[in-house]
Every structure is written in structure tokens, then in C-alpha cells.
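>>> sharing a model prediction with you, sequence too.
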Amino acid sequence: MAQRNAAESVGDQELDALMARLAEGDRSVFDEVFRRLWPPMLRLCISLVKHEADGADAAQLAMVKVLERAADYDRVRPALPWAMAIAAWECRSLNRWRQRRHEAPVDPAERMEGVGGEQELVSRDLVRAAVASLGELSVLDRETLLSTFWDECSPSSGATLRKRRERAVGRLRSTFRRLYGIGD
Amino acid sequence: MESVTNDLERTRRRARFRYEWVRARRALVGFLPALGLVAAACSFSDRPLRALGFGLALFAVGATVLWYGRDVRRAVLPGLVAGVVPLVLVLGARHVGHHCDSETCTSLCLAACVIGGALAGLAVGASKTGRKAGASFWIVASSVAVLTGAMACARLGIAGLGGLLVGYGAGLLPSLIRRMLSKAESTG
């Protein structure tokens, strides 16, 4: 662990020196700086953006920003945190842009279609959950509820049916709540 | 995998382009005040086209060196400051009881070129010695200083430019000799 930390420290110092040379105009170290900065920058961007492809895009943009600002690099400061700060800012901008894009509809028709589709998915899930809850009930409760649904006449008289139906609905509700935690 | 490599190579090329572009832009902006000097030289000279020619050459050299960077970029400012000495002397000589507007009446202006060149050489030599810089520093600082002075001395033609160069060489001589002696001492 200590050896690893020492190696990382030496690597960071080398990067500082390389960045200082690049800031002075030494083009011979450009590729080396790029090679050393890319892996940590890509890791940071993917972790911040939480999406591999978008993270890679953000890392590419950040890399361009860091290297175009190489002349601004202050040789007293460590290079890696400086570059990472630029990358983090780039990721933050990308996240904000994505948030805005998701909130503001590009095309209202498209947005409606998207919302409709989402609602349909939610409804389908609820129906599936209700059917599963119905399956948990007794045969008598199931028949009572189904006959009420289809408005079928049952051999039971009105008052008996009403009581049975109330009990069946109560049990369905409690089963639904037990299985999915919703239904109040 | 190949696509990732291509993306990375494209990013590297783009980053390199942006790096050079930002350096070039900064160099141009950084050397912009020199254009003020060129404008002043053109407006005070009776041969503005010659002054403009040397001024543009000065701007190109200065901006290129600033864009290139490294140690030589530190030679631009001392060269420019040193070159202002002959520029001001020659442009001033026109207005100090000696109107330099004919080919035969150039004695004071020519002297101003030679003396100004010598002072510029001394200044660049001192600056170079002070900074313990290499030959590239000397070459860049000399080019900038001579081009700056030439904006004024060019109005006298070859004689003016020759006088500036002779004076500059003479001014630089002491520091060159000192440098050669110290080099001989260190090797011997």
C-alpha cells in the first residue's frame, strides 16, 4: 500500500513537471501528458455522469479543455487535481444539460407519446398486480368479485351478496397492500 | 475497440489543435501593443510604408516567438524595449532643430541610428548576460530590437539600416567578449 502510494506520488510529480513543460511550449511532452491524464479523467467522468458513453464524451471534452488551458497551468499547483477539477466541471455541465433536456420537451407530440407510453406501462403493472392479488383470495371471494365485475346475478340474495362483496374487497385490498405496499 | 482508439486519436488531434490555437491567439493578443508602436512609427515617419514593412515583420517575428514559447519567448520584451531606443532617437532627431527630409541632410539622423543601435546592443547584451541565456535568446532579442529600430532608420535607406546594424554590433561586442572570456576560463 505504501509502495503504491509512493509510486503514485512519483507519477504525480512527473505529471506536474510534464504539464509545466507543456505550459512553457514544449510540444514533445504533449502525447505523454495526454496518455497520463486520459485514464483517471475517463474514470472520473464515468463515475460522475453515471453513464459509460456519456462519461467518455465528457472525458473527451474535458481533455480538450485541459490541454487548451495548458498555458494557464500554474506550476506551483499539482497538475492532476487541476485537470480533474476541469473534468468535474465539464461533467457537471453535461449533467445539467441532460437534466434540462429531459425536463424541457423538444417536441410536444413526442413528449405526449412518451408520457402516454409510460402511463400505459404503469397501468399494465397495476393490472398484473391486481390479478396476482386476486389469485391469493379464496374461490368464494374470487367468484364474488368477478360476478360483481361482470354484473352477473348470483344465487345469493342482495344483502348477503353486498356483505360478501365488502369482505372480498377488503381482503383484496389487504392482500394488495401486503404484496406491493400500496393500496391505501 | 478500433472505434475507441479512433475516438481517442481524434480527441488527441483536436486537443493539439486547440492547444496551438489558444497559444497563437494569446501570442497575437500579447504582442498587440507592439502594433501601437508600429502605428506611432508610421505616423511620425516621412516614409510610412518602409516603417510599416518593418513593423509587420516585427509583429510576425514577435508573435511567432511568443506562440512557440519556451525560453526564447522571454527574449521578446527585452528586444522590443532595446529597439525602442533607436526608434525614439531617430524619430526625435527629425524634430530637434534638424529636419531630416532630404537624402543629403541625414547626418544627425544617421548618428541617431548608430548611437541608438549601440545603446540597444548594450541593453540586449546586458539583458542576455543577466539571464545567462543561450544563443537563441540573443538571436531573438537582436532580431526584435533591430526590426524595432529599423522602423525609424529605414527612412534613411541602406545607410540608416547599416548604421543601426553597425551600432548594434558595437553595443553587443562588450558582452560577447565577456562571454567568450568566461567560456575560455571555464574550459581552461
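Now that the structure is in, tell me what you want to look at. Numbering: from 1, shown residues only, chains lettered A, B, ... in the order given.
>>> taking chain B, what residue is nearest to chain A?
residue B:69 (2.0 Å; Cβ to the nearest Cβ). Where you see a C-beta, it was placed from the backbone N, CA and C, and this is true even at glycine.
>>> can I assume that residue is in contact with residue B:24?
No - with contacts counted by Cβ atoms under 8 Å, residue B:69 stays clear of residue B:24, the gap being 10.8 Å.
>>> look at those two and report which has more neighbours.
residue B:69 (20 against 15; other Cβ atoms under 10 Å in any protein chain shown).
>>> quick one, phi psi at the more buried one?
Dihedral pair for residue B:69: phi 80, psi -140, per degrees, to the nearest 10.
>>> which residue is the nearest non-sequential neighbour of it?
Leaving out its chain neighbours, the residue that sits closest to residue B:69 by Cβ to Cβ, 6 or more residues apart in numbering or on different chains is residue A:25, at 2.0 Å.
>>> dihedrals phi and psi, the one you found?
Main-chain torsions, residue A:25, degrees, to the nearest 10: phi 110, psi 10.
>>> in this structure it contacts residue B:70, no?
Yes - in this structure, residue A:25 is within contact of residue B:70 by Cβ under 8 Å, at 4.7 Å.
>>> which element follows the helix or strand harbouring residue B:119 toward the C-terminus?
Residue B:119 is located in helix B:107-131, with elements delineated by DSSP states H and E. Where DSSP H and E defines the elements, the next helix or strand beyond helix B:107-131 is helix B:135-153.
>>> so what pLDDT did the spatially closest residue to residue B:122 that is not a sequence neighbour get?
Spatial nearest neighbour of residue B:122, excluding adjacent residues (Cβ to Cβ, 6+ apart): residue B:171 at 4.2 Å. Note on residue B:171: pLDDT of 91.
>>> check contacts around residue B:171.
If you count contacts by Cβ atoms under 8 Å, 6 or more residues apart in numbering or on different chains, residue B:171 has them with B:117-125.
>>> any idea how far residue A:30 is from residue B:88?
According to Cβ to Cβ, to the nearest Å, residue A:30 and residue B:88 sit 41 Å apart.
>>> so where's chain A uncertain?
Low-confidence segments of chain A (pLDDT under 70): A:1-8, A:102-136, A:146-157, A:176-184.
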